[in-house]
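> all I have is the shape, not the residue letters:
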C-alpha cells in the first residue's frame, strides 16, 4: 500500500501482528482496511486532550477495530504494571493487530520485540532483536533511548529460562534494571524511572 512507507508499516508476523507510526497524514481508515487490522494497540497511552487520539479512537470505533491504550516511554524505564499491561494486550486483542507509537521506531521496536519473545519464547531472541534494526524500522536511538534494546538482554538474562510473562509478573523491577544498566556503564542510556518525580513523561 502507498502509505506503508510514510507510516513505517511492517508485519511482525504476517496476518497476526504489525507495527507502524502514528497516522499523522490521515487516511487511517483505508490504512486499517487495507491490512485487515482488527485491533490497534496505542503505545502512547490514553490522551483524550489531543486531536490525534480522539481521531484515532473515533475511526477505530467506526471501523469496529478494537482500540487498546498501553503507555510506554522511550526514555524512562517502565514499571512492572506497564509491561504486564502490554502483555495483556497481546492476549486480549483480536488479530491481526497493529502496534504503534509516534514514529514507529523506538517504543514500537521494544513492543514488537517483546511480542516476538512472548509469542515464540526465548529461542526467538535473534528474531526479536531484529525488531530494533535501523533498516527497515528506522530505529536510531538517541542517548537516553539505548535502554530499549538492552531491556531485551536484561530480560533474557534475568528470566533464566522462565517465560517472559512469568518473569515480568514475578521478578521484573525497574530499579533492578536501572542498577543493571549502571553496572554496565549504561547509566546515561535512560532518563529515569517512569512516574518518578522529576521525570517528565513524553507523549
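Noted; the coordinates are in hand. All of these numbers come straight from a predicted model, not from anything done at the bench.

> what about the helix or strand encompassing residue 86, average pLDDT?
Following DSSP states H and E, the helix or strand that holds residue 86 is helix 80-92. Helix 80-92 comes out with an average pLDDT of 98.

> that one packs against which elements?
Packed against helix 80-92 by the contact rule (3 or more CB pairs under 8 Å, 6 or more residues apart in numbering; DSSP states H and E) you find helix 107-120, helix 164-170. To be clear about C-beta, it is placed using only N, CA and C from the backbone, and glycine gets the same treatment.

> which of those helices sits most buried?
helix 107-120 (a mean of 23; mean count of other CB atoms under 10 Å).

> next SSE downstream of the least confident helix or strand in the chain by mean pLDDT?
Taking mean pLDDT, DSSP states H and E as the measure, the chain has helix 28-35 as its least confident helix or strand, at a mean of 93. In the C-terminal direction, the helix or strand that comes right after helix 28-35 (DSSP H and E) is strand 39-42.

> neighbouring contacts of the helix or strand that comes right after that following strand?
Proceeding N to C from strand 39-42, the next assigned helix or strand is helix 51-62, under DSSP H and E. Helix 51-62 is contacted from outside by 22-24, 28-29, 32, 40, 42, 44, 46-48, 65-67, using CB atoms under 8 Å, 6 or more residues apart in numbering.

> make a ChimeraX selection of the buried ones in the residues you listed.
Entered in ChimeraX, the line below selects the buried ones among the contacts of helix 51-62, by 16 or more other CB atoms under 10 Å:
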select :22,23,28,32,40,42,44,47,65,66,67
